[in-house]
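>>> The following block contains a protein sequence and its predicted model.
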Amino acid sequence: MRTNPKALTMTAPELALANLEAAAEKFNTATEHLTLATKTVLMLASAPLIGLAFVIALPIVSVLLTAYYGTKLIAARWAGIAKHVKNVALFFAAPFVGLAYIVALPFVGVGTLVYFAVKAARK
């Protein structure tokens, strides 16, 4: 009777250990593929959400950067900008100043006439 040489050299616990190692290798291979598949599915599902986060954040980041660089620009050229702002403010205030003169001048004129009349009456 011929027997298997492995069976003669290996005892029962060693055979069980070898079978366990083979099963562990199969399990690791299967979980690597499962992990890769799971990773791929998660990336496919999360990619649009990450893109959406960037699309939502882009206008906010743009406004913040514009404010930051605008502030730096204003700080660097404050004298010229202050002069320009003053001129623009006077331009927009001029119609209201003119309206105030139009409303006030009749009263000023009447007051001047009264002043000169009283002054002439005293002499």
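Everything's here; your move.

>>> Name the next helix or strand following the longest helix that the chain contains along the chain.
Criterion DSSP state H: the longest helix present in the chain is helix 12-76. On the C-terminal side of helix 12-76, the nearest following helix or strand under DSSP states H and E is helix 78-122.

>>> what's the angle from that following helix to helix 12-76?
Angle of helix 78-122 versus helix 12-76, following axes from the mean of the first three to the mean of the last three Cα atoms, to 10 degrees, is 40 degrees.

>>> Now do helix 78-122, average pLDDT.
Averaging pLDDT along helix 78-122 gives 94.

>>> and if you look at stretch 56-64?
92.

>>> Using PDB, list the CA coordinates for that stretch.
C-alpha atoms of stretch 56-64 as PDB (Å, rounded to 0.1, in the frame of the first residue of the first chain):
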ATOM      1  CA  ILE A  56     -20.800  75.600  -3.600                       C
ATOM      2  CA  ALA A  57     -17.500  76.800  -2.000                       C
ATOM      3  CA  LEU A  58     -16.200  78.500  -5.200                       C
ATOM      4  CA  PRO A  59     -18.400  81.600  -5.000                       C
ATOM      5  CA  ILE A  60     -17.700  82.000  -1.300                       C
ATOM      6  CA  VAL A  61     -13.900  81.600  -1.800                       C
ATOM      7  CA  SER A  62     -14.100  84.100  -4.700                       C
ATOM      8  CA  VAL A  63     -15.800  86.700  -2.700                       C
ATOM      9  CA  LEU A  64     -13.400  86.300   0.200                       C
END
